[in-house]
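>>> This is a predicted model, with the sequence first.
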Amino acid sequence: MRSRAALAAALAAAALVLVLLLAPRALGNAWGLLTGRGYMVPAESSVFTFDATVMNPGSGEWWLYGEDGRYFYHFTGEGKVPYLKVERSAAARCPGFAPHDAATWAACTAR
Amino acid sequence: MASRPTGPVGTATNAPGIDVGTLVRNDSPPPGPAVATAAITAPQCPCSGAEKTTISGLGPIASYKGDFPSPLQVMWYTPGGDEPLRLTVPDSEIRGWIRQAAEYHRIPHVLLAVILQQENSPKASGGHQFLQFGERSLTTFASIVDDWFFDIAPDRVAGSSSGFANMSRATLRHAASYSENMYGRPPMPDKVRYRLFGIDADTRRAGDDWRADLYYCAAHLRELIDRVTARRCHDGEINLAQLEKVIAAYNGSGPMAVKYGRDAMKLLADAQAGTATLYFYEE
């Protein structure tokens, strides 16, 4: 009985390490969705691909900037869709575009 | 575990009765002849450490002496060396810690109290409080693992908000450094820092020790007061509009933070009118 419990614990630990190594984003996003006040994953993205690159510096746990393989995102907290997004290909054509400065997004933003 | 440093570089003074630790600031030069060598040059801080911020336009608020409705009545805490061993800490004593943390960083006591109430909603159900305690404890545990095992835990977990004041790791560490570099003031006095068997409570992690959390939170509020008033070493009064901005900045940026600030101001107004209670405020 005791050896079964030890095996189960070892398997659980191995599974956690595997998740940490293979899908750290999924773990981080899942944690954010479960516990973070205001945290969200954009509809265009997924827990496996979304990467919150700049977090809100305060106690509110939303992200300010994020990205995935296709878009850059900026969380505004306003409206039905509370974020702006810019396609990476559009960003590449946008002069002065900076992923972490929404003021530079004006010319290339699509809601 | 870290032990108490044996050779402090100097002893700074502050307002009477307040232990400001062992960093040297610009108004308290090191003793002995002034020898210009890098090894013994004391760090110079822009602020004297005597600066104090008060609020104008806010009337008296009733002191509360009852039990906390939130958070869950369980906390992480290392007893002090001079404390008797005990399993419970009276809520009134915790409110005393809150007052002491505000006095130490010379910020308005009511500001720290309202932030704590915002972060530990008194309306939360018992189940929610239990889950919140579990979540914050897990975050703290992840942060400890991260520190000990080469950054293994995802930052999204280990760096997220935790502790009594729900501060993120980055914010907490920045606030502690700000207090040291700008005010020449360690984030907490030695009496609070060194506990039973010399255990160091200044771990720069949220949630490790809830009394330490209060000091980190107060240090951060001091930093935010400077930022909102655009004055280094703010000394004097802030008005209600500035107070609202400080509270909102504690929550972050954007419309949700603005609402957080507005809600807190309403709570303060109601508490002043006697229609709401500030549970973490006891004179």
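In hand now; what should we look at?
>>> Strands of the chain, start to end?
Defaulting to chain A. A:51-55, A:63-67, A:71-75, A:83-87 (DSSP state E).
>>> That was the other one, I meant chain B.
Remark: strands assigned in chain B by DSSP E are B:53-55, B:236-238.
>>> Any chance of CSV for these, columns distance to B:His109?
Placement of C-beta: from N, CA and C, glycine included. Listed next are these as CSV, based on distance: least, C-beta to C-beta, whole Å:
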stretch, distance to B:His109
strand B:53-55, 10
strand B:236-238, 14
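>>> Can you check which of those gets nearest to chain A?
strand B:236-238 (18.2 Å; C-beta to the nearest C-beta).
>>> buried stuff in that closest one?
Across strand B:236-238, burial judged by 16 or more other C-beta atoms under 10 Å in any protein chain shown covers B:Ile238.
>>> so what strands line up beside it?
Paired strands of strand B:236-238, with direction, are strand B:53-55 (parallel) (DSSP bridges).
>>> picking that back up, with mean neighbour count, distance to chain B and mean pLDDT as extra columns, can I get the strands of chain A in JSON lines?
Shown next, in JSON lines, are the strands of chain A (neighbours: other C-beta atoms under 10 Å in any protein chain shown; distance: least, C-beta to the nearest C-beta, whole Å; pLDDT from 0 to 100):
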{"stretch": "strand A:51-55", "mean neighbour count": "19", "distance to chain B": "7", "mean pLDDT": "91"}
{"stretch": "strand A:63-67", "mean neighbour count": "23", "distance to chain B": "7", "mean pLDDT": "95"}
{"stretch": "strand A:71-75", "mean neighbour count": "23", "distance to chain B": "7", "mean pLDDT": "95"}
{"stretch": "strand A:83-87", "mean neighbour count": "20", "distance to chain B": "11", "mean pLDDT": "93"}
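>>> Kindly state the pLDDT recorded for the residue nearest to B:Arg222 when sequence neighbours are not counted?
Here the nearest residue to B:Arg222 in space, its sequence neighbours aside, is B:His105; by C-beta to C-beta, 6 or more residues apart in numbering or on different chains that works out to 4.6 Å. pLDDT, B:His105: 97.
>>> again with B:Arg195
For B:Arg195, pLDDT reads 84.
>>> residues in the stretch 101-250 of chain B within reach of chain A, list them.
B:119, B:135, B:139, B:152-157, B:159-161, B:165-168, B:170-171, B:249-250 (C-beta under 8 Å from any C-beta of the partner chain).
>>> Buried members of those residues into PyMOL, please.
Only the buried members of those enter the following PyMOL selection, criterion being 16+ other C-beta under 10 Å:
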select buried, chain B and resi 119+135+139+153+154+155+156+157+159+160+161+165+166+167+168+171+249+250
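>>> May I ask you to name the longest helix in chain B?
As assigned by DSSP state H, the longest helix anywhere in chain B is helix B:126-148.
>>> returning to that earlier point: of all the strands of chain B, which one is nearest B:Gly274?
Checking those against B:Gly274 by C-beta to C-beta gives strand B:53-55 as the closest, at 18.3 Å.
>>> Now the closest one: buried residues?
Across strand B:53-55, burial judged by 16+ other C-beta under 10 Å covers B:53, B:55.
>>> what's the neighbour count on residue 95?
Just so you know, I chose chain A. Counted by other C-beta atoms under 10 Å in any protein chain shown, the residues lying close to A:Pro95 total 7.
>>> right idea, wrong chain: chain B
22.
>>> give the contact list for it.
By C-beta atoms under 8 Å, 6 or more residues apart in numbering or on different chains, B:Arg95 lies in contact with B:64, B:280-282.
>>> What distance do you get for it to B:Leu87?
B:Arg95 sits at a distance of 19 Å from B:Leu87 (criterion: C-beta to C-beta, to the nearest Å).
>>> hmm, back to that, any chance of TSV for the strands of chain B, columns distance to B:Leu214 and mean pLDDT?
Output for the strands of chain B, formatted as TSV (distance: least, C-beta to C-beta, whole Å; pLDDT from 0 to 100):
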stretch	distance to B:Leu214	mean pLDDT
strand B:53-55	17	96
strand B:236-238	20	96
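>>> Figure out which of those is closest to A:Leu7.
strand B:53-55 (58.2 Å).
>>> residues making contact with that closest one?
With contact meaning C-beta under 8 Å, 6+ apart, strand B:53-55 is reached by B:106-108, B:110-111, B:222, B:225, B:234-240, B:243.
>>> And the lowest mean pLDDT element among the helices and strands of the chain?
Defaulting to chain A. Lowest by mean pLDDT, DSSP states H and E among the helices and strands of chain A is helix A:2-22, with a mean of 72.
>>> That was the other one, I meant chain B.
Lowest mean among helices/strands of chain B [mean pLDDT, DSSP H and E]: helix B:155-158, a mean of 70.
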